[in-house]
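Peer 1: Kindly generate the corresponding structure for this input.
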Amino acid sequence: MTRKALQFGRYDYAAFTGSICFALCSLSIPLMIVEIGDALAFPLDRGGMAAGGLLHLFRSVAMVAALLLCGNIAGRIGKRRSMGGSLLCMGAGTLLCAFAPQYWMLIPWLLIAGFGEGICEGIATPFVQDLHPDAPERYVNIAHSFWSIGIAVVVVVVGGLWTLGAGWRAILAGIGIVTLLASALFLWRENPRRKYPEAAGGAGFREIAHHALEIARVPRFWLCSLAMFFGAGAEFGLTFWSAAYVQLNFQTGAWVAGLGTGAVAFGMFLGRSGFGFFARPDYIRYVLLGSALCTIPVTLLLALLKPGILPPALGFPTLFLLLILAGTGVATFWPSVQVYGVTTMPELDSTMLYICFSALGIPGCGIFTLLMGVIGDRYGLRGGILVIPVCLALFAAVIFLECWVFAKRRKNSGTA
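Peer 2: Okay, here's the model as predicted:
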């Protein structure tokens, strides 16, 4: 059967830009965490890694709070305005972080940014699915691939401005302002003939609570959420700590360290966009299990790699190749588990499912990022990297149970 050619419109491009800005705001601090730590008295090479990881845990708390509320917010003001408001919060929080005089003052501003990121995380996927209900597995993966493009952009921006002598405060301020301006792509008045397809009316609190209770009663939802939790830990742990891992373990400058994050982003872009162009719903479980199992040895090699273990001519090429492969391996976890869950539970409200999946996946980002920092303080960041293959192994186990063991039992018993 011939598939339709991909077609994009204004709100597709708005979603792509939103994903890029999401990445800019989320990754700007991790990319400069070593320098921020030195400036705000939590140096990473002298016991400050846990403090660095704690920053994202606070951000994750705000994201989960936003996810719990964003269904009601979207029901009242619509997905389009919700997405625009999320960019306003992200931009304002990031801009305010640029003026933080000490470590603890970063936290309230990160809570503001995190709240915006939580709304974006909960609404962005159903926002795209509502535009393309005929092939969500293709468009959702492509939209999510722009998160990776955003990472590449922030690497170039941070590295370029760093070499020109800009400080971390100026860079954060610039990213905040750009994100504030990007909100206009969602909030600017619509073409009356090409309006975003908002659901008629909008859901109230009671309806949202009813959908959430229906979802919570389904065992398959909890298995998919557990996969989201471990997959998020692997993906964001790798993304958050890759720059610090390169900078501290290989004694490089911020520019080269940023390229390490860029390598992860490039791999994620390859994984998401490639699967987005060629995806079919029945491929998802094989891609999820296979990519997790293949990425375990890659991340183990990252933990073992250190200066001097390879000839100088091979050291950095090997490092960046492993980072690209690791990024490719974890790329499809977040969007594809969500699409898998929604397509296999069609009786449940899809928007609320996406929000619930994100609400239970986001804590994995914060918890495992903090855990990597705590282990890094005690054993070095190479030790912290070992958290990633553990997450991958647990993710693979959950996917195998859900997609093969329990799926077979459901089929034999005739249940959904």
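Peer 1: wait, doesn't Tyr354 sit right on Val339?
Peer 2: No. Assessed by C-beta atoms under 8 Å, Tyr354 is found out of contact with Val339, at 9.1 Å. C-beta here means a position set from N, CA and C on the backbone, and glycine is covered the same way.
Peer 1: My read is that Ala100 contacts Ala39, right?
Peer 2: No. Ala100 is beyond contact range of Ala39, at 9.6 Å (criterion: C-beta under 8 Å).
Peer 1: Not counting sequence-adjacent ones, nearest residue to Met352?
Peer 2: Residue nearest to Met352 in three dimensions, not counting chain neighbours: His211, with 4.1 Å by C-beta to C-beta, 6 or more residues apart in numbering.
Peer 1: Tell me how far that neighbour lies from Val339.
Peer 2: Using C-beta to C-beta, to the nearest Å, His211 is found at 18 Å from Val339.
Peer 1: Between the two, point out the one with more neighbours.
Peer 2: Neighbours per residue, other C-beta atoms under 10 Å: of His211 and Val339, the larger number sits with Val339, 26 against 20.
Peer 1: need the helices for the stretch 251-400 of the chain, in chain order.
Peer 2: Using DSSP state H, counting those that start in this stretch, the helices found in the stretch 251-400 of the chain span residues 254-278, 284-304, 312-330, 333-344, 350-379, 381-385, 387-400.
Peer 1: mind checking which of these is nearest Pro197?
Peer 2: Proximity to Pro197 (C-beta to C-beta) singles out helix 350-379 among the helices of the stretch 251-400 of the chain, at 12.5 Å.
Peer 1: list the buried ones in that closest one?
Peer 2: For helix 350-379, the neighbour count (16 or more other C-beta atoms under 10 Å) marks 350-373, 375-377 as buried.
Peer 1: Counting by contacts, list what that helix packs against.
Peer 2: helix 49-77, helix 103-131, helix 205-216, helix 219-249, helix 333-344, helix 381-385, helix 387-400 (3 or more C-beta pairs under 8 Å, 6 or more residues apart in numbering; DSSP states H and E).
Peer 1: Could you list the low-pLDDT ranges of the protein?
Peer 2: The model of the chain has pLDDT under 70 over residues 1-3, 136-137, 199-204, 276-279, 414-416.
Peer 1: quick one: the spatially most central residue of it and Ser183, what's the gap?
Peer 2: In the chain, the C-alpha nearest the mean C-alpha coordinate belongs to Phe236, at 6.3 Å (C-alpha atoms, centre = their mean). According to C-beta to C-beta, Phe236 stands 24 Å off from Ser183.
Peer 1: now Arg206
Peer 2: If you go by C-beta to C-beta, the gap between Arg206 and Ser183 works out to 30 Å.
Peer 1: Neighbour count: those two, which is higher?
Peer 2: Neighbour count, other C-beta under 10 Å: between Arg206 and Ser183, Ser183 has more, with 25 against 8.
Peer 1: neighbours around the nearest residue to the more buried one once chain neighbours are set aside, how many?
Peer 2: Nearest non-adjacent residue to Ser183, counting by C-beta to C-beta, 6+ apart: Leu87, 3.8 Å away. Applying other C-beta under 10 Å, we find 29 residues neighbouring Leu87.
Peer 1: for Leu87, what are its contacts?
Peer 2: Gly18, Cys21, Gly116, Cys120, Thr179, Leu180, Ala182, Ser183, Phe186 (C-beta atoms under 8 Å, 6 or more residues apart in numbering).
Peer 1: ok, residues contacting stretch 148-165?
Peer 2: Under C-beta under 8 Å, 6+ apart, the answer for stretch 148-165 is 16, 19-24, 27-28, 31-32, 170-171, 174-175, 239, 254-255, 258-259, 261-262, 264-269, 272, 327, 331.
Peer 1: The residue nearest to Ser183: which element?
Peer 2: Element membership of Leu87, judged by DSSP states H and E, is helix 79-97.
Peer 1: quick one, that helix and helix 103-131 angle?
Peer 2: Taking axes from the mean of the first three to the mean of the last three C-alpha atoms, to 10 degrees, one finds helix 79-97 and helix 103-131 inclined to each other by 160 degrees.
Peer 1: What is the distance between helix 79-97 and the centre of its chain?
Peer 2: Here helix 79-97 is found 16 Å from its chain centre; the criterion is C-alpha atoms, centre = their mean, to the nearest Å.
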